[in-house]
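[1] Sequence and predicted structure are below.
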Amino acid sequence: LSFAQRRLWFLHRMDATAATYHIPLALQLTGTLDRDALDQALADVVARHESLRTVFQEVDGVPCQRLLEPAAVRLRARPADVPADELPHLLAESARQPFDLSAEPPLRAELFAVAPDEHVLLLVMHHIAADGWSTGPLATDLAEAYAARCEGRTAERPQLPVQYADYTLWQRDLLGDAADPESRFSEQLDYWKRQLADLPVLLPLPTDRPRPAVAGWQGDHIGLELDAELHHSLAQLARQTGTSLFMVLQAGLAALYTRLGAGTDIAIGSPIAGRTDEALDDLVGFFVNTLVLRTDTSGDPGFGELLGRVRETALSAYAHQDVPFEHLVEALNPSRSLSHHPLFQTILAVQNAPAGRFSLPGLDVTTYAVATGTAKFDLGVSMVEQFGPDGTPAGIVGAVEYATDLFDRTTVEALVRRWTLLLKAVTADPEQPIGAIDLLDADERHRLLERDNATARDVEAVPLPRAFAAQVAATPDAVAL
């Protein structure tokens, strides 16, 4: 197993019923569907990507991979049409069904018929076999395989240069032995030990409820959208400062957390693709690694200064990105708790993976959102840039996943509003101190300062003897003084 797979395998053994690491992908298919061709195409894709037909079995206490035949993954069709109003519930219920990773492949495919010419295909992958980038190769391969099967042939695609099992061996060769002080593993690990020394155990964001002793990992999400004008301004600020859009967003989020009372030592997780060789680009597999980006917001810096700090930290982190997160946790050995994620509790992701298009002949294909009701972190922000036909910024869309044990929806909505206001403010004046940025819009200021404090009440003018008599009648047995 790769280092990342090994960690998920241990987590799965601790709670095999959790859906936290399930990746659901639902596609609405409108038009005439060839079910046999879809089933055959699915088998073709599974044959091409060994990770999708791998089971994880324990041999002498060590997890090992074993390949199944491509036919192990078959399209399961619901026997009856599904009412449209029941579809979201059924999709979520299916997406939460646990995997037996020791016996069944880490991919399920289920077809829901809504009408004769409308279906929803649900693909659920376990994270141990795939990551967000993997949906691109999966889309490309499934589209080509389906088109070929509809014509009664198999798709002619060049063989993949490597499989995921090859990567697991290559990863160990690349990093070397952690006990060897000359190895890449040792050199990069030393950097992280210095960088994360004395990191606070917990980011003290204000929550709506006390943190439970054992996290339930129950979650929900809200949508997030930054308009084209703000997207353009953020991209322009990134160019002017020699940074990236991600760095601007991360600096803004760190500044917001400080303003909300989380202190000045802000750790935010950041997923990185981990596909450091182009031979891995077209492979379905679990390559993503997570970096811990530590931001110092002390001294009430101007946003431009803060952005410079973020840039320096991020570039150093990227240069030392090969150490698997699970080994970082093991080496740093932070105080462990079942109540929160180690080293960081919030994560920020700006997706830049090549987008795959599920283009199936004779069908209009659109994605269908599926909620699993889980959250891996206290807060998880995921964003995708959109561009016009001419390549100009057209907005940023995404979602914020949050732990419902800790936060109410209204709290997360307010956080997003304030982050948006902060980003607008810093693009207009990058040098203003982060402590001076106005985080309240007009409506919220009116609510907090005026409406919620409007406690005056009309009181009838009553002579004191009458008021005294009324109180005596209301509480005749109460102590007078």
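    Looks like it came in fine. Because the structure is predicted, anything quoted here is derived from the model rather than measured. Residues are numbered from 1 along each chain as shown.
[2] Okay, buried residues for the helix or strand of the chain with the lowest mean pLDDT please.
    Least confident element among the helices and strands of the chain, by mean pLDDT, DSSP states H and E: helix 442-446 (a mean of 76). For helix 442-446, a neighbour-count test (16 or more other Cβ atoms under 10 Å) marks nothing as buried. Where C-beta positions appear, they are placed from N, C-alpha and C, glycine not excepted.
[3] Can you give the contact residues for that helix?
    The contact list for helix 442-446, computed with Cβ atoms under 8 Å, 6 or more residues apart in numbering, reads A414, R417.
[4] How about stretch 10-19?
    21, 95-101, 128, 217, 372-374.
[5] Check the offset of that stretch from the chain's centre.
    Distance, stretch centre to chain centre, for stretch 10-19: 19 Å (Cα atoms, centre = their mean, to the nearest Å).
[6] Over to stretch 382-395?
    20 Å.
[7] try stretch 467-481
    The answer for stretch 467-481 is 60 Å, by Cα atoms, centre = their mean.
[8] for stretch 204-219, same thing?
    17 Å.
[9] Which parts of it count as buried, going by neighbours?
    Within stretch 204-219, the residues scored as buried using 16+ other Cβ under 10 Å are L205, R211, A215, W217, G219.
[10] just stretch 302-321 next, same as before
    Buried residues in stretch 302-321 (16+ other Cβ under 10 Å): 302-311, 313-314, 317, 320-321.
[11] likewise stretch 161-174?
    Q163, Y164, A165, Y167, T168, W170, Q171.
[12] all helices for the stretch 101-250 of the chain, in order.
    Listed in chain order, the helices of the stretch 101-250 of the chain (DSSP state H, counting those that start in this stretch) span 135-150, 164-175, 184-195, 228-241, 245-259.
[13] Deepest in the core, which of the ones you listed is it.
    The highest mean neighbour count among the helices of the stretch 101-250 of the chain, using mean count of other Cβ atoms under 10 Å, belongs to helix 245-259: a mean of 23.
[14] tilt between it and helix 228-241?
    100 degrees (axes from the mean of the first three to the mean of the last three Cα atoms, to 10 degrees).
[15] Run the chain-centre distance for helix 245-259.
    The answer for helix 245-259 is 17 Å, by Cα atoms, centre = their mean.
[16] And for stretch 280-288?
    Relative to the centre of its chain, stretch 280-288 is centred 17 Å away, using Cα atoms, centre = their mean.
[17] Which helix or strand contains A37?
    Per DSSP states H and E: A37 is located in helix 35-48.
[18] residues in contact with the helix or strand just after that helix?
    With elements assigned by DSSP H and E, the helix or strand that comes after helix 35-48 is strand 54-59. By Cβ under 8 Å, 6+ apart, the residues outside strand 54-59 that reach it are 1, 5, 9, 63-68, 101-106, 128-129, 164-165.
[19] how does it look with 6 Å?
    Strand 54-59 is touched from outside by W9, P63, C64, Q65, R66, L67, L101, S102, with contacts defined as Cβ atoms under 6 Å, 6 or more residues apart in numbering.
[20] Just the buried subset of the contacts of stretch 10-19, please.
    With neighbours counted using 16+ other Cβ under 10 Å, those contain these buried positions: Y21, A95, R96, F99, L101, I128, W217, T372, T374.
[21] Doesn't the fourth one lie inside a strand?
    No. For F99, which was evaluated using DSSP: H, G, I helix; E, B strand; the rest coil, the result is coil, with no strand membership.
[22] Now do the helices for the stretch 301-450 of the chain: every range, in order, please.
    Using DSSP H, counting those that start in this stretch, helices in the stretch 301-450 of the chain cover 303-319, 325-332, 409-428, 442-446.
[23] That's all I had, so thanks and see you.
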